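Enquirer: Mind folding the following:
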Amino acid sequence: MKILLVSSPARDSPEALSLGAASVAAALTAAGRASSRDGDSLAAAQVELLEGRLGEAAESLASRIAAARPEAVGFSTYSWNRELFSEAARLLRPMLPAATLFAGGPEATADPEALALESGLDFAIAGEGETASVAALRAIGESRRDALADIAGVVVPGRPWRRSPPEDPASLPSPWLLGSIDPASLGGDLVWELSRGCPFRCAYCYESKGQSGSRPFPMERIEAELELFARSGIRYAFVLDPTFDSDPVRAAVLLDLFRKRAPGMRWKFELRAELLDKGLARRFAGLDCSLQIGLQSARAETLATVGRPGFDRSEFARKVGMLSQSGASFGLDLIYGLPGDSLADFRDSLDFALGLGPNHLDVFPLALLPGTELAERADELGIEADPRPPYLVRATRELPPPDLARAASLAAACDRFYTEGRAVGWFDAARRPLKKSPSALLRDFASWLAGRAAPLSKASSGTVGEGASAVEAEQLGFLEAEYSRAGLATLYPALRDLVRLHGAWARALAEGEESLLELSYDPEEILGAAAAGLAAFARGARRANGEWRVLPDAAEGARIERAQESRASPGGRGHHRPTERNRRS
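Expert: The predicted structure is shown next:
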């Protein structure tokens, strides 16, 4: 039997790798190898992975699947690919009339019968898919289709069904170690699953309706996979663990392991700030890593409504402060459109989040995912959302459509000005003389940008052909206008130097770009302006007009030197550089 498992990425990113299809492929391969039964169809099964191309049409995808001549096709369905896969499956049916078509993944788990019917599938899998897929395809290979509906997790339209029980991670084969995915083929970046499940019950998340608790993979498997990654030249790993620090003791052991066995790798982890301690903060700071922390809202009542009770602003700030003090790089998440949050509440959450100094702030509209607790309570809570993927909120009781549009504009402005603009090192220094809150400054930036070109939207930011320099030009154009309007033009040269210096440093680190800067002040002095304040700096500093180069550096990441020194001597003279957190922005 030839089995083709199909996935499709949400975006062009190493973090979009589909481990679900690969994990099912590993389970099918392992089951076939372990079989001792005569005539077991899986013993001779050929299992392959096929990935849809970004933006690929259903006709193209269906044609590529049909060309492989599979006897069974499984789709790994998420909100971003449900409609693509449904159409591809319908097109595929007449091309491969004898093939078995099925689907798994979050969309299949949330709405299995509807997905199977709209796509013309033979069955869907509700719940984790390894054991159910093995049993279902074995039954089909043995001509026992009537037994499909008796398998836990297999949903045949019109027949009673039950969700598959959670898998035991210790019993699952590794897609990496079994060869379902070759890490050496991924260009140095990958997604790594260290556990299943989540100990929390956030009402907007698919995990809210699954089994509570985290189920870690065995340490022996983790060590073997890590050794494989090191041999394969992996440089970056996004740890696919909803709450890496849910078990702080285990997290500490893993961080020590990563530092010892893979000292040259970069990492990304998702955390709950409430679980941090100083020991973990120090360990994170000792790795080349970025941390993503889900704040979602700064309103305790809203968070309690969505299954995150007990939020305390001062405690959250104290925990995040441990990361700042240790030098660890972190970002925060916010969601607008949560039940209970008005536009004023969202602005307040923005102000709180940006006041913590994250390296980046990711802001998203609520997605009312099928099968989640929030989707089931939508009428009760006054939430209206698009019934089609990606199920984005249209309005709430507290956030009518005009306010939702204003929140979206703020989110896009934050993404452009703060996150894409790598503004963490100078954002507070820029806004304080203007006496504006973070959200007010972003609101005014959105208005300024809309007055110059097409209205800003999150989807249109980061257009191909634009780079960090283009965003910096927008930042400086806006700030020059704001400082002139506020009668603060004398402070602008210092701010301009501060923005340019941080921007050039970040480009040297992230893009390997060399910059030639004309500065009004010495870099060693201007970097102190962020802490001292622009007004105090401008009163005491002396102008020192000159040219400076910011260059990539193999040992330090980047360095700053006078332009004439750079021409005279390749080594030049090193100068004070932005703080470690800003270097990683």
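Enquirer: what about the strands in the stretch 251-400 of the chain?
Expert: For the stretch 251-400 of the chain, applying DSSP state E, counting those that start in this stretch gives strands covering 266-271, 288-296, 329-336, 360-365, 383-385, 393-396.
Enquirer: Please identify the most buried of those.
Expert: Most buried of the strands of the stretch 251-400 of the chain by mean neighbour count (mean count of other CB atoms under 10 Å) is strand 329-336; its value is a mean of 23. Backbone N, C-alpha and C define where each C-beta goes, glycine included.
Enquirer: that older thread, got TSV for the strands of the stretch 251-400 of the chain, with distance to residue 409 and mean pLDDT too?
Expert: Output for those, formatted as TSV (distance: least, CB to CB, whole Å; pLDDT from 0 to 100):
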stretch	distance to residue 409	mean pLDDT
strand 266-271	27	96
strand 288-296	19	96
strand 329-336	11	97
strand 360-365	11	97
strand 383-385	19	98
strand 393-396	15	98
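Enquirer: need those in a markdown table with distance to residue 134, can you?
Expert: Shown next, in a markdown table, are the strands of the stretch 251-400 of the chain (distance: least, CB to CB, whole Å):
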| stretch | distance to residue 134 |
| --- | --- |
| strand 266-271 | 30 |
| strand 288-296 | 34 |
| strand 329-336 | 36 |
| strand 360-365 | 36 |
| strand 383-385 | 36 |
| strand 393-396 | 38 |
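Enquirer: For residue 94, which of those is the nearest?
Expert: The closest of the strands of the stretch 251-400 of the chain to residue 94 is strand 383-385. By CB to CB, the value is 34.1 Å.
Enquirer: counting contacts, what elements does the closest one pack onto?
Expert: strand 393-396 (3 or more CB pairs under 8 Å, 6 or more residues apart in numbering; DSSP states H and E).
Enquirer: The strand it packs on packs against which elements?
Expert: Counting contacts by 3+ CB pairs under 8 Å, 6+ apart, strand 393-396 is packed against strand 383-385, helix 401-413.
Enquirer: how about these, which one is nearest residue 223?
Expert: helix 401-413 (40.5 Å).
Enquirer: mind exporting the closest one as CSV, just the C-alpha atoms?
Expert: The C-alpha coordinates for helix 401-413 follow below in CSV (Å, rounded to 0.1, in the frame of the first residue of the first chain):
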residue,chain,number,x,y,z
PRO,A,401,-16.9,46.8,14.3
PRO,A,402,-15.6,50.4,14.3
ASP,A,403,-13.6,49.8,17.5
LEU,A,404,-12.4,46.5,16.2
ALA,A,405,-11.1,48.3,13.1
ARG,A,406,-9.3,50.8,15.4
ALA,A,407,-7.8,47.9,17.4
ALA,A,408,-6.6,46.3,14.1
SER,A,409,-5.0,49.5,13.1
LEU,A,410,-3.1,49.7,16.5
ALA,A,411,-2.0,46.1,16.1
ALA,A,412,-0.6,46.8,12.6
ALA,A,413,1.1,50.0,13.8
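Enquirer: Now for residue 517, how many residues are close by?
Expert: Neighbour count for residue 517, taken as other CB atoms under 10 Å: 17.
Enquirer: got it, and residue 485?
Expert: So residue 485, with other CB under 10 Å, has 11 neighbours.
Enquirer: ok, and the helix or strand in this protein with the lowest average confidence?
Expert: Every helix and strand of the chain was ranked by mean pLDDT, DSSP states H and E. The lowest is helix 580-583, at a mean of 42.
Enquirer: Can I get the helices and strands packed on strand 393-396 in JSON lines including distance to residue 86?
Expert: Compiled in JSON lines, the helices and strands packed on strand 393-396 are given as follows (distance: least, CB to CB, whole Å):
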{"stretch": "strand 383-385", "distance to residue 86": "19"}
{"stretch": "helix 401-413", "distance to residue 86": "28"}
